[in-house]
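*Asks:* Can you look at this prediction? I've put the sequence above it.
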Protein chains: 2
Amino acid sequence: MDEIDQTIVNLLRTDGRTSYAELARRVGLTAPSVQDRVTKLEKNGVIAGYRAVIDSEAIGLGITALIGIIPDNAADHHDICERLRAIPQIESCYFLAGVECYQLKVRVPKMGDLERLIHRVGAIPGVAQTRTTITLSTKWEDRPQPVPYEQED
Amino acid sequence: MDEIDQTIVNLLRTDGRTSYAELARRVGLTAPSVQDRVTKLEKNGVIAGYRAVIDSEAIGLGITALIGIIPDNAADHHDICERLRAIPQIESCYFLAGVECYQLKVRVPKMGDLERLIHRVGAIPGVAQTRTTITLSTKWEDRPQPVPYEQED
DNA sequence: CTCGACGAGTGGACGAGATCGACCAGACCA
DNA sequence: TGGTCTGGTCGATCTCGTCCACTCGTCGAG
């Protein structure tokens, strides 16, 4: 993970379809060696994948909400986590330090879907309470910040 | 935005580097026509971009936190939003319905960076109070859910 | 000091993919 | 009926991805 790798990561982070040839030009190497570096970054898990960024409203997922989960004392966290994972509408799931020990980011087409989703989450054993907040607008999301200068891997 | 477009979007959403040729095979068209569709989807803003998914710990951003902002009565939301946008560590920013009218997702290398960040956010005019929650672990993040069956663009 | 192994990069060759222009078929409408 | 528009195919060409052989430092062992 040297400076060249960082540049590659930064470039792919802002445009995941940048070709190896283009990356090679930017970092001053040839395409095969860049490809080699990228392959290693993928193997090491530094690059976990590539995604198209989709406008969720455009594909009918107009409603975004945040759901906090307060567990009860007997909660089996592994079980809760697996049950949450099975719900496709939950796009992100964070385990938090606090009373609300999970926060979910969910997207649904309609309010009715959100209501059903909240009930489904609330019905998971170990979930004592949920607290849902609607997002009125997303100012921005997953904006890549530059890789800070990094020691070693 | 017909069924073929949805398939293309779903494929690119899970693997943003899928080639046009591969997409063409999957949807039963030729590469040029798929390319044409993708170009239109990009123009329409349905596809907003492509990103490599990076393991933030691997690049030295080991700490993720959620910061809620409670504004005061005189808050100028446009101004707050712009000042927040200027802070690179804020990867996502949602405008919420609730007492905490913004929620930020931030990533920093060290706890000290988080502390400075909280002070910086708290110093923005119109911000009455902030509430920060550390994420102990990210179970998953930005998992693409399939495009629901959709009426029209 | 020399030898061999190894990691990282280069250069060339070849097949696959991207891209462009020309052409075609069906829908729609005057 | 004929014109136009949209969305598709086909084929040519150029670029890109990918594999392989080779080179060049570096490093440790003998």
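*Replies:* Ah, there it is.
*Asks:* In the sheet, which strands lie alongside the biggest strand by length in chain A, parallel or antiparallel?
*Replies:* If you go by DSSP state E, chain A has its longest strand at strand A:127-140. According to DSSP bridges, strand A:127-140 has the following sheet partners: strand A:63-71 (antiparallel), strand B:90-96 (antiparallel).
*Asks:* Just the CA coordinates for that strand, please, in CSV.
*Replies:* Taking Å, rounded to 0.1, in the frame of the first residue of the first chain, the C-alpha atoms of strand A:127-140 are listed here in CSV:
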residue,chain,number,x,y,z
VAL,A,127,-35.8,-6.2,19.8
ALA,A,128,-37.4,-4.2,22.6
GLN,A,129,-38.1,-1.0,20.7
THR,A,130,-37.5,0.7,17.4
ARG,A,131,-37.2,4.4,16.7
THR,A,132,-37.7,5.5,13.1
THR,A,133,-36.7,8.8,11.5
ILE,A,134,-37.7,9.7,7.9
THR,A,135,-35.1,11.4,5.8
LEU,A,136,-36.7,14.4,4.1
SER,A,137,-33.7,14.7,1.7
THR,A,138,-30.3,13.2,1.2
LYS,A,139,-27.9,16.1,0.9
TRP,A,140,-25.2,13.7,-0.2
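*Asks:* List the buried residues in it.
*Replies:* Using 16 or more other CB atoms under 10 Å in any protein chain shown as the test for burial, strand A:127-140 gives A:Val127, A:Thr130, A:Thr132, A:Thr133, A:Thr135, A:Lys139. C-beta coordinates here come from the backbone N, C-alpha and C atoms, glycine included.
*Asks:* outside of that strand, which residues touch it?
*Replies:* A:63-72, A:75, A:80, A:100, A:114, A:118, A:121-122, B:81, B:84-85, B:92-98, B:100, B:102-103 (CB atoms under 8 Å, 6 or more residues apart in numbering or on different chains).
*Asks:* residue ranges with poor pLDDT in chain A?
*Replies:* A:148-153 (pLDDT under 70).
*Asks:* hmm, 80 instead?
*Replies:* A:1, A:147-153 (pLDDT under 80).
*Asks:* contacting residues for the most centrally placed residue in chain A?
*Replies:* Centroid-nearest residue in chain A: A:Ser92, 5.6 Å away (criterion: CA atoms, centre = their mean). A:Ser92 makes contacts with A:Leu104, A:Lys105, B:Thr138, B:Trp140, B:Glu141, B:Asp142, B:Arg143, as judged by CB under 8 Å, 6+ apart.
*Asks:* Which member of those is positioned nearest DNA strand D?
*Replies:* Nearest to DNA strand D among the contacts of A:Ser92: B:Asp142, at 24.1 Å, using CB to the nearest atom of the strand.
*Asks:* element containing that closest one?
*Replies:* Using DSSP states H and E, B:Asp142 maps to neither a helix nor a strand.
*Asks:* what are the phi and psi values for it?
*Replies:* With angles defined as degrees, to the nearest 10, B:Asp142 sits at phi 50, psi 40.
*Asks:* what about stretch A:32-40 and chain B, touching?
*Replies:* No. Remark: stretch A:32-40 sits outside contact range of chain B, by CB under 8 Å from any CB of the partner chain, the gap being at least 9.0 Å.
*Asks:* In terms of residue numbering, what are the domains of chain A?
*Replies:* Chain A breaks down into these domains under automatic domain parsing: A:3-43, A:63-134.
*Asks:* between those, which gets nearest to DNA strand C?
*Replies:* domain A:3-43 (3.6 Å).
*Asks:* Report the separation between the two terminal residues of that closest one.
*Replies:* Domain A:3-43 has an end-to-end distance of 18 Å (CA to CA, to the nearest Å).
*Asks:* Make sure A:His119 is indeed in a strand.
*Replies:* No. Going by DSSP: H, G, I helix; E, B strand; the rest coil, the assignment for A:His119 is helix, not a strand.
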